[in-house]
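Chemist: Return a 3D structure for these sequence lines:
(2 chains)
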Amino acid sequence: MKSSVIVFPGSNCDRDIAVALEKMQFKNKMVWHKETKLPKSDLIVIPGGFSYGDYLRSGAIAGKSLIIDEVIKAANSGCLILGICNGFQILTETGLLKGTLLRNKNLKFINKDIHIKVLNNNTKFSKKYKNDQVLKINIAHNEGNFFTDSKHLEKLNKENLIAFKYCDEKGNINESSNPNGSLDNIAGIFNSNKNILGMMPHPERMMDEIISNKDGVNLFSSLMN
Amino acid sequence: MKFSVTVTLKKDVLDPQGKVVENTLKNMGMIDLKSIRQGKHFEIDINENDLKEAEKKINDMCRKLLVNLIIEDYKISKI
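Modeler: Next comes the predicted model:
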């Protein structure tokens, strides 16, 4: 499997994700945002960080960069796209995923390990997880408050396009287990074809028992097979 | 030709920053204050002498970059 990680000025999780991908035997390339051609890739990752200092809106400027046209083309021809944190924000700004990420409800930057529940394991991103499995995973964002219109929310529910929801360690999904005010506790979504996943939590930070846990490993091993 | 663009959050979208500003002003004793919504303001200078054309171009800028239409409304006015 070949992967590409897109790097913008202000990306800061690009090397973490590269380490995670290489650990899982992906042949990875880093791609600077001014490039106009993508290397042949089975998976494109848009990493976390603060592209362009979050100017205008998080992800707005990166969403119009040169390489993004190629990412959109690849996405439309079925290439797997994973956007993490700022990468999720960028995907919504490009229109590849609908909805948007608002400022956290409590107005604070949140950096902590929280829990999320796997809602759909019938996708290329999640098949190594069990449905309703609870993962402990890190979030680190200021704008992670997922919002969308009621029509899109209905579609997300009907077509099983919600990947993860925030929950407590027992798996209860409620207001007290919602760290940032996201609509219906949504932490990650798929597009209709399920070849694009955007998520606020950082699976690439959960790859090793020594520094955290291994709850992120199955996302990448799902993609490998 | 110069224009101003005001971008505001849609009515139904939560505006936590506006709410904090509102509460602070209330705490400062501004008891008549009903509500505050925070927004963004752009001043745009454009090389176009035809008013209609210019407005069209500004509108295009708003829809393509300046405004997130899912959560924001905007108003263009000539200055």
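
Chemist: in chain A, which spans are strands?
Modeler: Listed from the start of the chain, chain A has strands (DSSP state E) covering A:2-7, A:27-32, A:43-46, A:80-84, A:100-102, A:110-118, A:134-141, A:145-147, A:162-167, A:186-190, A:196-199.

Chemist: Please convert those to TSV, extending it with mean neighbour count.
Modeler: Just so you know, the C-beta spots here come from the backbone N, C-alpha and C atoms, and that holds for glycine as well. Rendered in TSV, the data for the strands of chain A read as follows (neighbours: other CB atoms under 10 Å in any protein chain shown):
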stretch	mean neighbour count
strand A:2-7	23
strand A:27-32	17
strand A:43-46	28
strand A:80-84	26
strand A:100-102	25
strand A:110-118	18
strand A:134-141	20
strand A:145-147	23
strand A:162-167	23
strand A:186-190	27
strand A:196-199	26
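
Chemist: can you tell which of these is closest to chain B?
Modeler: Ranking the strands of chain A by distance to chain B, with CB to the nearest CB as the measure, places strand A:100-102 first at 5.0 Å.

Chemist: Go through the strands of chain A and name the closest to residue B:71.
Modeler: Closest approach to residue B:71 among the strands of chain A is made by strand A:100-102 (5.6 Å; CB to CB).

Chemist: Determine the set of other helices and strands touching the closest one.
Modeler: Contacting strand A:100-102 under the criterion 3 or more CB pairs under 8 Å, 6 or more residues apart in numbering or on different chains; DSSP states H and E are the following elements: helix A:86-94, strand A:145-147.

Chemist: Could I get those in TSV, plus columns for mean pLDDT and distance to chain B?
Modeler: As requested, the helices and strands packed on strand A:100-102 are exported to TSV (pLDDT from 0 to 100; distance: least, CB to the nearest CB, whole Å):
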stretch	mean pLDDT	distance to chain B
helix A:86-94	97	8
strand A:145-147	96	6
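
Chemist: Deepest-packed of those, please.
Modeler: helix A:86-94 (a mean of 28; mean count of other CB atoms under 10 Å in any protein chain shown).

Chemist: That one packs against which elements?
Modeler: For helix A:86-94, the elements it packs on are strand A:43-46, helix A:66-76, strand A:80-84, strand A:100-102, strand A:196-199, judged by 3+ CB pairs under 8 Å, 6+ apart.

Chemist: Could you confirm residue B:74 falls within a strand?
Modeler: Yes: the assignment for residue B:74 by DSSP: H, G, I helix; E, B strand; the rest coil puts it in a strand.

Chemist: Relative to residue A:177, which of the helices and strands packed on strand A:100-102 is closest?
Modeler: Evaluated over these, closeness to residue A:177 peaks at strand A:145-147, with 14.5 Å, by CB to CB.

Chemist: Make sure residue B:48 is actually in contact with residue B:55.
Modeler: No: with contact defined as CB atoms under 8 Å, residue B:48 does not count as touching residue B:55 (9.1 Å).

Chemist: mind listing what's buried in the lowest-mean-pLDDT helix or strand in chain B?
Modeler: For chain B, the helix or strand with the lowest mean confidence is helix B:16-27, at a mean of 90 (criterion: mean pLDDT, DSSP states H and E). Buried residues in helix B:16-27, counting neighbours by 16 or more other CB atoms under 10 Å in any protein chain shown, are found at B:16, B:18, B:19, B:22.

Chemist: picking up where we left off before, determine which member of residue B:48 and residue B:55 has the greater number of neighbouring residues.
Modeler: Under the neighbour definition other CB atoms under 10 Å in any protein chain shown, residue B:48 and residue B:55 were set side by side, and residue B:55 has more, 17 against 13.

Chemist: shaky segments in the chain?
Modeler: Looking at chain A here, since you left the chain open. By pLDDT under 70, chain A has no low-scoring segment.
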